[in-house]
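Peer 1: can't give you the sequence, but here's the structure:
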């Protein structure tokens, strides 16, 4: 057993799953397949159930498409930085936040991905439990959640190479089942599903748009983790962009259509409950839930481990980190009470990370004009030391961005949502403050 452990550890180290910069080897098609499978997931599908009957099914589909495209712009932009540098998402924060300052988003990212991992394992476990209970009478959702997470961790410990092989297969299986479900639901025509009476107390169109954009932000934490393995920038941008948009639109559309179908047929349809939909559509939908969690959660665990490894390059190896975090993720997947807090959890992700990605995008594409003078790969790099390892501008803008997002989310609710305004405010503040600091530093030199 120890021999196999050492062989796998050496293989992962040689494959650059240890925090070093990589030279991409995956084609655009492979990147597309990975991203396609990634967001064909139960959480995205259930998010779609929140939109109908607040708006018509047609309105929901258009809002899903528009919000996904807008959100994908940020995801692709950050992912492309990963392709250019060969570094994962959280390693990029060393250039903008500083060597030590980057530990703030890294710690937040590990916590967020751990939460994602738990939620998705729970949804898969609840779904599997429902099917088993219907067939045998045995019920233990916590046990099935843990078993689902064990499978996920087993996939994730093989690093990016294992994910690249498994994701395309899962994508084909999930899409085939989804196609069957769409054909079944549209069998009596689209008009009947689109003619449901509106819920006046439901979400507004802008609120739905904001949720969809926020979903993309929640996925951006993994964008450079995956896209750094792209062979070319063009392949990475096109593959991740089309793959993410296609998977998100398909998954959310399935959720919105399923809830519309249930309501049109006089069924009780509480949103964000997989068992209600599985009860109606049976094993095919349960299959979508299970396989989608395997595809997506393996990426979440991989991203979590990658963030930890890159926090201290050369000091933490991938395999022991994967096993350690894997044990925590397996144990936490039995905490089913977290499911009741999912929408609050999704909101918290946006509040924390929208300013982070605004800072990364402005820092790389605007201030540094698309290239780093030195690689942020080394944790002790003096090029990104700033003041004691912290960039006070980035940290201050992040704090202001988090505060602004929280204010327009909870205190003075923005009519246009929080995601886009927070991104624009954070980006503008970081650009303005950085330019001002540079000019201030240049003045003494002139004197």
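Peer 2: Thanks, I have it. All of these numbers come straight from a predicted model, not from anything done at the bench.

Peer 1: check which helix or strand covers the nearest residue to residue 141 once chain neighbours are set aside.
Peer 2: The shortest distance from residue 141 to any non-neighbouring residue, by C-beta to C-beta, 6 or more residues apart in numbering, is to residue 129 (4.2 Å). From N, CA and C alone the C-beta is placed, and that goes for glycine too. Per DSSP states H and E, residue 129 falls inside helix 103-136.

Peer 1: which of the residues in the helix or strand just after that helix are buried?
Peer 2: For helix 103-136, the succeeding helix or strand toward the C-terminus, using DSSP H and E, is helix 141-156. For helix 141-156, the neighbour count (16 or more other C-beta atoms under 10 Å) marks 141, 144-149, 151-153, 155-156 as buried.

Peer 1: residues touching residue 141, list them.
Peer 2: 122, 125-126, 129, 336 (C-beta atoms under 8 Å, 6 or more residues apart in numbering).

Peer 1: pLDDT wise, what is it at?
Peer 2: With respect to pLDDT, residue 141 scores 89.

Peer 1: With residue 20 instead?
Peer 2: Per-residue confidence (pLDDT) for residue 20: 66.

Peer 1: do the same with residue 305
Peer 2: On the pLDDT scale, residue 305 gets 84.

Peer 1: Which strand or helix spans it?
Peer 2: Element membership for residue 305 (DSSP H and E) is helix 283-311.

Peer 1: in that helix, what counts as buried?
Peer 2: 285-311.

Peer 1: try stretch 268-288
Peer 2: 269, 271-279, 281, 285-288.

Peer 1: Same check on stretch 332-341?
Peer 2: Those would be 332-334, 336, 339, for stretch 332-341 by 16+ other C-beta under 10 Å.

Peer 1: quick one: contacts for residue 76?
Peer 2: By C-beta under 8 Å, 6+ apart, the residues touching residue 76 are 223, 237, 240-241, 244.

Peer 1: I only care about those that end up buried; give me the PyMOL line for that.
Peer 2: To isolate the buried members of these in PyMOL, using 16+ other C-beta under 10 Å:
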select buried, resi 223+237+240+241+244
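
Peer 1: Including distance to residue 110, secondary structure and pLDDT, could the contacts of residue 76 go into a markdown table?
Peer 2: Putting the contacts of residue 76 into a markdown table (distance: C-beta to C-beta, whole Å; DSSP: H, G, I helix; E, B strand; the rest coil; pLDDT from 0 to 100) gives the following:
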| residue | distance to residue 110 | secondary structure | pLDDT |
| --- | --- | --- | --- |
| 223 | 16 | helix | 92 |
| 237 | 27 | helix | 96 |
| 240 | 22 | helix | 95 |
| 241 | 26 | helix | 96 |
| 244 | 22 | helix | 95 |
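
Peer 1: Tell me the one of the contacts of residue 76 nearest residue 209?
Peer 2: residue 244 (16.6 Å; C-beta to C-beta).

Peer 1: ok, which stretches of the stretch 151-300 of the chain are helices?
Peer 2: 159-185, 191-194, 205-220, 223-227, 233-264, 274-281, 283-311 (DSSP state H, counting those that start in this stretch).

Peer 1: how about low-confidence regions in the stretch 151-300 of the chain?
Peer 2: Applying pLDDT under 70 to the stretch 151-300 of the chain flags the ranges 158-167, 269-272.

Peer 1: The helix holding residue 129 packs against which elements?
Peer 2: helix 42-48, helix 89-97, helix 141-156, helix 274-281, helix 283-311, helix 318-332, helix 342-361, helix 392-406 (3 or more C-beta pairs under 8 Å, 6 or more residues apart in numbering; DSSP states H and E).

Peer 1: need those helices in JSON lines with distance to residue 248, can you?
Peer 2: As requested, those are exported to JSON lines (distance: least, C-beta to C-beta, whole Å):
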{"stretch": "helix 42-48", "distance to residue 248": "6"}
{"stretch": "helix 89-97", "distance to residue 248": "18"}
{"stretch": "helix 141-156", "distance to residue 248": "20"}
{"stretch": "helix 274-281", "distance to residue 248": "18"}
{"stretch": "helix 283-311", "distance to residue 248": "12"}
{"stretch": "helix 318-332", "distance to residue 248": "24"}
{"stretch": "helix 342-361", "distance to residue 248": "14"}
{"stretch": "helix 392-406", "distance to residue 248": "22"}
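
Peer 1: hmm, back to that, touching, the residue nearest to residue 141 and residue 140? I think so.
Peer 2: Yes - counting by C-beta atoms under 8 Å, residue 129 touches residue 140, with 6.5 Å between them.

Peer 1: Comparing those two, which shows the higher neighbour count?
Peer 2: residue 129 (19 against 13; other C-beta atoms under 10 Å).

Peer 1: Pull the contacting residues for residue 222.
Peer 2: By C-beta under 8 Å, 6+ apart, residue 222 lies in contact with 38, 89, 113, 299-300, 303.

Peer 1: Report the two of those separated the most.
Peer 2: 38 and 89 (14.0 Å).

Peer 1: separation between residue 116 and residue 129?
Peer 2: Look at residue 116 and residue 129: by C-beta to C-beta, to the nearest Å, they are 20 Å apart.

Peer 1: repeat for residue 171
Peer 2: Distance from residue 171 to residue 129, by C-beta to C-beta: 25 Å.

Peer 1: can you check residue 74 too?
Peer 2: Counting by C-beta to C-beta, the gap from residue 74 to residue 129 is 36 Å.
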